[in-house]
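S.K.: need a structure here:
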Amino acid sequence: MTIAVAGAGAFGTALAITLARAGRDVTIWGRDPEAMAEARQSGRMPRLAKAPLPDTLKITADAAIFGDARVVLLAVPAQKLGGFLSDHATALAGKPLVACCKGIDLATLTGPSGVIAQRVSSATAAILTGPSFADDIAIGLPTALTLACRDSAAGETLQEQLTTPTLRLYRTTDVAGAELGGALKNVIAIACGACIGAGLGQSARAALMTRGFAEMVRIATQLGAEADTLAGLSGLGDLALTCTSDLSRNYRYGVALGQGQSFDAGVTVEGAATALAMTQLGAQHGLDLPVTTVVNALVQGDQTVAEALQSLLSRPLKEE
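M.R.: The predicted structure is shown next:
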């Protein structure tokens, strides 16, 4: 069975490496032919240069592989997913498509599963998400993720196909919970990074994580998710990792905001777009989103860190 990984960034490369190492027939696709040719020659991908590529891993820039694949892992940024699916809709039709990105599409205000349903309606949509860093997966450190698919039988098959000795997948049919947990935790990670960057301390970060998690649960359940899913790997687990580690892009971006410094524009920060999308969704659904609203204001440059802090601290007192 051929597994195609669409996207040769760090996470896509890490997944391809662990699957190939486990004996799966895997091809990784990147859109730049020169970069893919260089990776074949060097045995390494630029975005994950520390990890050698297994000899059995095939590398290509030819999109024809999607037509031959039995399963396609979509490791492209959330804001580019819709365009990718439209470009390759014919080849992807009728296949299991596993979104490995985290975010809310700004054009449609839906998660990856909704984008798949709109662009490739005949596909079986699934979400792979949870607490993970590409480096850990690539070097074989134990990692557990959530695999969400509304079709229980298809989800069970994908679980068997994508689990490896070092990558353990837990299955759920709560797609909304899995993708909202993965998207919203990035917003809270930006807030926590800004907190530390501004020198507000560990206690303030703990408070932000806690209240941020409560906000995640409130948003997700009102949008159809199950609360238990948010308490699992795709919610609380991912939140704990990304709010406390310098390896998290969203956290580092928040630190830069808190310090008043610029951030590398070439680094994908999904939480920034998600904060904007969720602010719009919140307005549509009448949701109370204090942390998300503040993060969006920070990202858009509408508030300083001091003003954002004041807006949170001045909220009415209430029971927890």
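S.K.: Just the helices from the stretch 1-150 of the chain, written as ranges.
M.R.: Assigned by DSSP state H, counting those that start in this stretch, the helices in the stretch 1-150 of the chain fall at 10-21, 33-42, 65-68, 78-87, 89-92, 112-119, 134-138.
S.K.: Could you check how far the fourth one is from the centre of its chain?
M.R.: Centroid separation for helix 78-87 versus its chain: 15 Å, with CA atoms, centre = their mean, to the nearest Å.
S.K.: Mind listing what's buried along that helix?
M.R.: Buried residues in helix 78-87, counted by 16 or more other CB atoms under 10 Å: 78-79, 81-82, 84-85. Glycine gets a C-beta too; all of them are placed from N, C-alpha and C.
S.K.: So which of the helices of the stretch 1-150 of the chain is the most surrounded?
M.R.: Neighbour counts (mean count of other CB atoms under 10 Å) averaged over each of those peak at helix 10-21, with a mean of 25.
S.K.: which secondary structure elements does that helix contact?
M.R.: strand 2-6, strand 25-29, helix 134-138 (3 or more CB pairs under 8 Å, 6 or more residues apart in numbering; DSSP states H and E).
S.K.: which one of these lies closest to residue 107?
M.R.: Counting by CB to CB, residue 107 lies closest to strand 2-6 out of those; the figure is 19.2 Å.
S.K.: Extract the C-alpha set from that closest one and format it as CSV.
M.R.: Output of strand 2-6 as CSV, limited to C-alpha atoms (Å, rounded to 0.1, in the frame of the first residue of the first chain):
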residue,chain,number,x,y,z
THR,A,2,1.4,3.4,-1.0
ILE,A,3,1.2,6.3,1.4
ALA,A,4,1.7,9.7,-0.1
VAL,A,5,2.8,12.6,2.1
ALA,A,6,1.9,15.9,0.5
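S.K.: Now do that strand: distance to the chain's middle.
M.R.: With CA atoms, centre = their mean as the basis, strand 2-6 stands 18 Å off its chain's centre.
S.K.: the inter-axis angle of that strand versus helix 10-21?
M.R.: Using axes from the mean of the first three to the mean of the last three CA atoms, to 10 degrees, the inter-axis angle of strand 2-6 relative to helix 10-21 is 160 degrees.
S.K.: any chance of the helices and strands packed on helix 10-21 in JSON lines, plus mean pLDDT and distance to residue 310?
M.R.: Shown next, in JSON lines, are those (pLDDT from 0 to 100; distance: least, CB to CB, whole Å):
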{"stretch": "strand 2-6", "mean pLDDT": "97", "distance to residue 310": "44"}
{"stretch": "strand 25-29", "mean pLDDT": "98", "distance to residue 310": "47"}
{"stretch": "helix 134-138", "mean pLDDT": "96", "distance to residue 310": "37"}
